[in-house]
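Engineer: Next one to model:
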Amino acid sequence: MSGLRKSDSGELAFCVPDPRLAGFVLEYTGQDWTLARPLVRRVMALETVLFVIDFEPHARRVGDDSRAADRCSVVSPVTGVRERPMAIEQAGRLYGLTVRLTAPGARALFGLPLCEIANTCVGLADILGARAARQLAERLAEAPDWPARFRLLDGYLIARICGGPELPVPVRRAWQRLTALSGDVRIGALADEVGWSRQHLNARFRQEIGLSPKTVARIARLQRAMFLMRDTRLSSWADTAVASGYADQPHFNRDFRMLTGCTPSSFRALTTEWTGSWESDRPRTSAHPSELIGAPWWAWEEPSERP
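Structural biologist: Modelled structure (predicted):
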């Protein structure tokens, strides 16, 4: 286990997956805490796939924005790659595990093109089947502690992912380049590198990944900016924008609002209260933002009933 953070209301446990899952699974997060009041978890656009394994029923509603009327209830949600932010309203006890998968990992685990779950949130039972999802949750819940749960999850994912379908080699290569370079690569050059035309790369990439190469590049670049602002001595968002490859701060501000649903300053304020207690020593798998445990892809805010 990479880290355990406790407070009066509960605990968070973090773990780097087994090395055999490198390139497929980025992180595990165990959570057991009780929210003092209902809160909305704002999740930014993602080029990775998240799935939650609930150990007990939980009051959770999800939607594309913060309007309560647009949310629906989901148990053990699987959140596909996303080109827009999402809001998750939560209340009461949160007890379970969250897994963050790369696109190749999600393709192998779930056995379907990621376009089928892109920009949506479905129950784990809808993909694995009700019995398989229930048995997985029960086995993990019955384990004596977080390290034991993480070991069980390693074994389960190694068996399924190692035997699962792979992304086409050119698509996987393009995805790896886009994420490793934080989006700093021209799509035309990327197409030449994998041996496809730009149009064919766009079509196959969107079918397999669920997003276009350009969108994945935008998300990866913004994650790089957020990583730099939190983990370096850059003094302002303007400096961060330049260091991350944006043409200017207005372009950065536009992408930030489109991909997170809020401004840079408001996002920082939303994350400060929750992450401040463990941000300085949170574990990481590497210096790359997409592999940072606790990467800033979410923030809390008060629920709103505005139309």
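Engineer: Quick check: buried residues in the helix or strand where Q207 lies?
Structural biologist: Here Q207, judged by DSSP states H and E, is contained in helix 198-209. Buried residues in helix 198-209, counted by 16 or more other CB atoms under 10 Å: L201, N202, R204, F205, R206, E208, I209. Placement of C-beta: from N, CA and C, glycine included.
Engineer: One more: stretch 241-252?
Structural biologist: Residues of stretch 241-252 classed as buried: A241, V242, S244, G245, Y246, Q249, F252 (neighbour count, 16+ other CB under 10 Å).
Engineer: of all these, which two lie farthest apart?
Structural biologist: G245 and Q249 (12.6 Å; CB to CB).
Engineer: Would you mind listing the residues in contact with S265?
Structural biologist: Going by CB atoms under 8 Å, 6 or more residues apart in numbering, S265 touches W237.
Engineer: Now do the SS call for it.
Structural biologist: State at S265, reduced to three classes by DSSP: H, G, I helix; E, B strand; the rest coil: helix.
Engineer: where along the stretch 201-307 of the chain do the helices fall?
Structural biologist: 213-231, 237-243, 249-260, 264-275 (DSSP state H, counting those that start in this stretch).
Engineer: Out of the ones you listed, which gets nearest to V40?
Structural biologist: Taking CB to CB, helix 264-275 is the member of the helices of the stretch 201-307 of the chain nearest to V40, at 9.8 Å.
Engineer: tell me the mean pLDDT over that closest one?
Structural biologist: Here helix 264-275 scores 61 as its mean pLDDT.
Engineer: The chain should start at 19 in everything you say after this.
Structural biologist: Noted, 19 is the first residue going forward, which turns the last one into helix 282-293.
Engineer: Secondary structure of D50: a helix, I assume?
Structural biologist: No - assessed with three-state DSSP, D50 is strand; it does not lie in a helix.
Engineer: what is it paired to in the beta sheet?
Structural biologist: Note on D50: beta-bridge partners by DSSP bridges are E29, Y113.
Engineer: Tell me how many other residues crowd it.
Structural biologist: Per other CB atoms under 10 Å, the neighbour tally for D50 reads 18.
Engineer: residues in contact with it?
Structural biologist: D50 neighbours (CB under 8 Å, 6+ apart): G28, E29, R111, L112, Y113.
Engineer: Go again with 7 Å.
Structural biologist: Listed by CB atoms under 7 Å, 6 or more residues apart in numbering, the contact partners of D50 are G28, E29, Y113.
Engineer: R157: which of the helices of the stretch 219-325 of the chain is closest?
Structural biologist: Among the helices of the stretch 219-325 of the chain, helix 282-293 comes nearest to R157, with 29.5 Å by CB to CB.
Engineer: Now do the strands in the protein.
Structural biologist: 21-25, 28-33, 43-52, 57-61, 67-72, 77-81, 90-91, 95-97, 104-109, 111-119, 139-141, 316-319 (DSSP state E).
Engineer: Tell me which other helices or strands the second one touches.
Structural biologist: Right, the one you point to is strand 28-33. Packing contacts for strand 28-33, counted by 3 or more CB pairs under 7 Å, 6 or more residues apart in numbering; DSSP states H and E, involve strand 21-25, strand 43-52.
Engineer: mind checking which of those strands is nearest R79?
Structural biologist: Nearest to R79, of those and by CB to CB, is strand 43-52 at 17.5 Å.
Engineer: ok so, going back, in PyMOL, select just the buried ones from the contacts of D50.
Structural biologist: To isolate the buried members of these in PyMOL, using 16+ other CB under 10 Å:
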select buried, resi 113
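Engineer: Can you add distance to A238 and give the contacts of D50 back as JSON lines?
Structural biologist: Converted to JSON lines, those look like this (distance: CB to CB, whole Å):
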{"residue": "G28", "distance to A238": "32"}
{"residue": "E29", "distance to A238": "31"}
{"residue": "Y113", "distance to A238": "32"}
